[in-house]
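Engineer: mind folding the following:
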Amino acid sequence: MHSKIVILYIHGFGSRFDPHSDKVKALSYLGEVKGITVDYTSMPSLIEKQLINACTDFQVDLIVGTSLGGYWANRIGAQIGVPFVSINPAISPNATLQKYIGFGQTYYGENYELTPEAVDAYTNFSTQGCGLILLDMADELLDSVATNSQLKDQFKVHCFDGGTHRFSHMNEAIPIIERFVSNAALIYGVVNETDINH
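Structural biologist: This next block holds a predicted model:
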């Protein structure tokens, strides 16, 4: 058992893992935050293997992801039996990634090429696993109302008024995530309240 929980943070499309980001700093209240930079131009099958390997290598207790990273937190968490938190998740990447097909630049100025084959290979958000969904209702990129409607019967969904796609309520979300982690211990037995680093 870890002295504190280990969290894998999965960034969104066009981004990279930044240990100094506001979200990672906020999550650090709960435990040790690990991450890798995902090449989202890769085929989903390769991304899946990379993320599963990261979970194994880091021995994670919780997976947290934002946007496309929220999709992957759900997919990987459901597959390997680790609780997950999906923040403003892309629940249908094969639709929402269509506009990024072709050549583009990441938020960090790096060139990429996203192929139709990679986008078409995505499946929809899994309804399995132990998950918490966090939504900013004023998300300008994804339809948070539709996401809430589609997922509220499968998962605990917490909606915040206002906000943005980048998620403006991380600090307010930490106590909600903390309660979720404590409750997840009853399901998976992988973490408990005494493992949370205060």
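Engineer: hey, let's count contacts and neighbours off CA atoms from now on
Structural biologist: Will do.
Engineer: and the average pLDDT for the one helix or strand Gly70 maps to is what?
Structural biologist: Assigned by DSSP states H and E, Gly70 belongs to helix 68-80. What helix 68-80 shows for mean pLDDT is 97.
Engineer: just how off-centre is that helix within its chain?
Structural biologist: 7 Å (CA atoms, centre = their mean, to the nearest Å).
Engineer: likewise stretch 73-82?
Structural biologist: With CA atoms, centre = their mean, you get 10 Å for stretch 73-82.
Engineer: quick one: contacts of it?
Structural biologist: Identification of contacts with stretch 73-82 by CA atoms under 8 Å, 6 or more residues apart in numbering yields 10, 48, 51-52, 60-65, 83-86, 125-126, 128-131, 188.
Engineer: give the buried residues for that stretch.
Structural biologist: Residues Ala73, Asn74, Arg75, Ile76, Gly77, Ala78, Gly81, Val82 are the ones in stretch 73-82 that count as buried (16 or more other CA atoms under 10 Å).
Engineer: before we move on, back to that, quick check on the contacts of stretch 73-82: which are buried?
Structural biologist: Taking 16+ other CA under 10 Å as the criterion, what is buried in the contacts of stretch 73-82 is 10, 48, 51-52, 60-65, 83-86, 125-126, 129-131.
Engineer: tell me how far the longest helix along the chain is from the chain's mean position?
Structural biologist: For the chain, the helix reaching the highest residue count under DSSP state H is reported as helix 170-188. Centre-to-centre, helix 170-188 and its host chain are 14 Å apart (CA atoms, centre = their mean).
Engineer: one more: stretch 161-173?
Structural biologist: Counting by CA atoms, centre = their mean, stretch 161-173 comes out at 14 Å from the chain centroid.
Engineer: equivalent analysis for stretch 149-160, please.
Structural biologist: Distance of stretch 149-160 from its chain centroid, counting by CA atoms, centre = their mean, is 15 Å.
Engineer: picking that back up, just the buried residues of the longest helix of the chain, please?
Structural biologist: Buried residues in helix 170-188 (16+ other CA under 10 Å): Met170, Ala173, Ile174, Ile177, Glu178, Phe180, Val181, Ser182, Asn183, Ala184.
Engineer: same for that helix, what does it pack against?
Structural biologist: helix 22-27, strand 131-136 (3 or more CA pairs under 8 Å, 6 or more residues apart in numbering; DSSP states H and E).
Engineer: hmm, who's touching the last one?
Structural biologist: If you take CA under 8 Å, 6+ apart as the criterion, strand 131-136 is touched by 74, 83-89, 144, 148, 155-165, 167-169, 173, 177, 180.
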